[in-house]
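S.K.: Curious how this folds, go ahead:
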Amino acid sequence: MSKTYANGVTALCGIDVRVGHGEIFGLLGPNGAGKSTLVKIMMTVIRADEAAGTVLDKPIGNKAAKRRIGFLPEGHRFPGYLTGGQLLDYYAALAGVPRSARRQRAPELLERVGMADWHDTRVDQYSKGMAQRLGIAQALMNDPQLVVLDEPTDGLDPAGRRDVRELLESLRDEGRTVFINSHLLGELELVCDRVVILQSGKVVREGRLHDMMEASLEYRIVTAGDPSPVADALRRGGATIEDRTVLIPSRDVAVVNRVIDLLRGAGVAIESVTPRRVSLEDIFDEATGGGVRRAVVARPTAKGGGR
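M.R.: Sure thing, here's the model as predicted:
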């Protein structure tokens, strides 16, 4: 995919992304990286300058494939005068879902997203978090094989985000593919099978999340004394020294033991040796060059307006 807007801004620079069947896939990147543009092209909301590929094994934009996709856009706006049940019925009808299936699925999905008691309540009475849960239910009304969610936990409190994680995992267990665009790296870290990180319209990191985190395992050795007498030898071995802490970027236990022997041989006492796997935020920070992280990455907090 490639896309340059009329104002001259290049959103995508010939990126190549592959999402496997039956996985939870995370699309990451700082603001302006091209994430929303990619999703909109995939959903045919906008046109690409150049695009080749398939969605659900059909060319992008294929009508039969689009009927098998559930979509929740970021910042959605639902008609406030409809009840929750009416809204699900309305959007499912637009997707061509038969009336009998709509009547059965609406209450089932409202219960699944924790909104069973709000079936007959007008949407304009919902909190932001409740509207987000309703939006996820809407994306499932056509019984999709691919579920595309743009910031699905926006407005949800910690309990709500946990419920969404469990829902996403259950969708994967059913054999569905879940495609998530989100800034909440801590949330994605808990559920994603694979991730792609975009920056300036290009893919800067891609892979299975477990492998990426395992490959970045490091050991942290805290010393009781000053390790500076053997600092040069430690650095030649690839270690980093921060005050009384020695960081070893390696999964190899033999390397760790050599560092321990070096420290003890110099009479430096050791307080602790701790293996540490980097977080998705650390991977994101490294892939995007560091400084952008503080401005654009949100970790899950105790705040939230949703029920």
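S.K.: Flag the shaky bits of the protein, pLDDT-wise.
M.R.: 215-216, 290-307 (pLDDT under 70).
S.K.: Residue 194: neighbouring residues, count only.
M.R.: Neighbour count for residue 194, taken as other Cβ atoms under 10 Å: 18. Just so you know, the C-beta spots here come from the backbone N, C-alpha and C atoms, and that holds for glycine as well.
S.K.: same thing with the one 3 residues further on?
M.R.: Other residues within reach of residue 197 by the criterion other Cβ under 10 Å amount to 25.
S.K.: And what about the nearest residue to it once chain neighbours are set aside, helix, strand or coil?
M.R.: With sequence-adjacent residues excluded and distances taken as Cβ to Cβ, 6 or more residues apart in numbering, residue 197 is closest to residue 205, at 4.2 Å. Secondary structure state of residue 205, per DSSP: H, G, I helix; E, B strand; the rest coil, is strand.
S.K.: so which strand or helix has residue 91?
M.R.: Using DSSP states H and E, residue 91 sits in helix 84-94.
S.K.: Could I get the CA-only coordinates of that helix as PDB?
M.R.: In PDB, the C-alpha atoms belonging to helix 84-94 read as follows (Å, rounded to 0.1, in the frame of the first residue of the first chain):
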ATOM      1  CA  GLY A  84     -29.100  -0.400  22.200                       C
ATOM      2  CA  GLY A  85     -31.100  -3.200  20.700                       C
ATOM      3  CA  GLN A  86     -32.500  -1.000  17.900                       C
ATOM      4  CA  LEU A  87     -29.000   0.200  17.000                       C
ATOM      5  CA  LEU A  88     -27.600  -3.400  16.700                       C
ATOM      6  CA  ASP A  89     -30.600  -4.300  14.500                       C
ATOM      7  CA  TYR A  90     -30.100  -1.300  12.300                       C
ATOM      8  CA  TYR A  91     -26.400  -1.800  11.600                       C
ATOM      9  CA  ALA A  92     -26.900  -5.500  11.100                       C
ATOM     10  CA  ALA A  93     -29.600  -4.800   8.600                       C
ATOM     11  CA  LEU A  94     -27.300  -2.500   6.700                       C
END
